[in-house]
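Participant: have a look; sequence and predicted model below, questions after that.
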Amino acid sequence: MMKKIFYGLCLLSVSCLSAIAQENSLSAAVNIGERIYYDINFKWGVISGRAGEATFSFQNDRSVSNASYLYRLQFKTNKFFDGIFKMRDTLNCFYNNENRLVYSLKATDEGKYYSVDKLTFTYGDDSLRIHSLRYTPSRIRIDTILTATGDVTDLLGAVYYLRGIDRESLKSGDVFPLTIAIGRDLIKMQFNYKNQAIVEQGKVKYNTRYFVLDIYDEEAFETTKAAAEIWVGDDDNFIPIKVRSKLKIGYAEVIYRESSGLAHPLTSRIEIKKK
């Protein structure tokens, strides 16, 4: 169960958060060389506090055949939560020059358990073929082919997808469906745009666009409807500022901390004036 919870947490930080991968150019919101840092807060019964941190980065990378760019997430729990459930995850999304996701690699280290997930994407005229492979040091656990239509990505690609949405054309009630490939499963989700909102974090406020996320995975989430709330900075970077998710045993929050190398000024940030 804890493993499912943290995978759900990663899904939300790493969304919340491929139509965007089908476009012919990189999203203008994402910049080569950018790094974005988040704090992960978690409440589980009487246990609450900062659970860990996540770092997103985007860079040139041709280490994988047909790939040109690498979008990466590195996630780790802190020392306190290591005693409850240690987790060190690295998720890599490799995109080609046409901005299509061609390869996904996720390495999970839980101390006593280590596994690798590989997804290879092959595009047809009307459908997508995904080779899903999962293995541990001792054996292959999953080796299967998934087929799908529509917008399909992996966990991390969901964040890339969200950042590619045209915020200027958003209207309340807009829906953005997406399918996430995980192991043997194709999990349905959708971003539902609600309205503009202000998020206050300490001495700073952010102008944001507010989304509700539906995820159809009842094993990890308390409900499929409104499984998470997402506030995305209302500027040209369109980075998630805050994500709050309801889980079966508590809730998780993903909070923007700092960034470097962004493509545009972070104009959504507003310093709170001292009285």
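Facilitator: Received it, and whenever you're ready, just let me know what you need.
Participant: helices of the protein, residue ranges please.
Facilitator: All helices of the chain, identified by DSSP state H, fall at 2-13, 79-85, 157-163.
Participant: ranking those by mean pLDDT, which is last?
Facilitator: Per-stretch mean pLDDT for these is lowest at helix 2-13 (a mean of 45).
Participant: the longest strand in this structure is where?
Facilitator: strand 185-201 (DSSP state E).
Participant: packing partners for that one?
Facilitator: Strand 185-201 is packed against strand 175-182, strand 204-215, strand 228-233, strand 240-247, with contacts defined by 3 or more CB pairs under 8 Å, 6 or more residues apart in numbering; DSSP states H and E. Where C-beta positions appear, they are placed from N, C-alpha and C, glycine not excepted.
Participant: list of residues touching that strand?
Facilitator: 16, 146, 148, 152, 158, 162, 165, 170-181, 205-217, 230-231, 234, 241-242, 255-256, 272 (CB atoms under 8 Å, 6 or more residues apart in numbering).
Participant: dump the C-alpha coordinates for it into PDB.
Facilitator: Taking C-alpha atoms only, strand 185-201 is exported to PDB below (Å, rounded to 0.1, in the frame of the first residue of the first chain):
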ATOM      1  CA  ASP A 185      -1.700  -0.700 -17.000                       C
ATOM      2  CA  LEU A 186      -3.000   2.200 -19.000                       C
ATOM      3  CA  ILE A 187      -4.500   4.600 -16.500                       C
ATOM      4  CA  LYS A 188      -7.000   7.200 -17.600                       C
ATOM      5  CA  MET A 189      -6.800  10.700 -16.200                       C
ATOM      6  CA  GLN A 190      -7.900  14.200 -17.200                       C
ATOM      7  CA  PHE A 191      -7.000  17.800 -16.300                       C
ATOM      8  CA  ASN A 192     -10.200  19.900 -15.700                       C
ATOM      9  CA  TYR A 193      -9.600  23.700 -15.900                       C
ATOM     10  CA  LYS A 194     -11.600  25.700 -13.400                       C
ATOM     11  CA  ASN A 195     -10.500  29.300 -13.000                       C
ATOM     12  CA  GLN A 196      -7.700  31.800 -12.100                       C
ATOM     13  CA  ALA A 197      -6.600  31.800  -8.400                       C
ATOM     14  CA  ILE A 198      -4.100  33.300  -6.000                       C
ATOM     15  CA  VAL A 199      -1.900  30.900  -4.000                       C
ATOM     16  CA  GLU A 200      -0.100  32.200  -0.900                       C
ATOM     17  CA  GLN A 201       3.100  30.500   0.300                       C
END
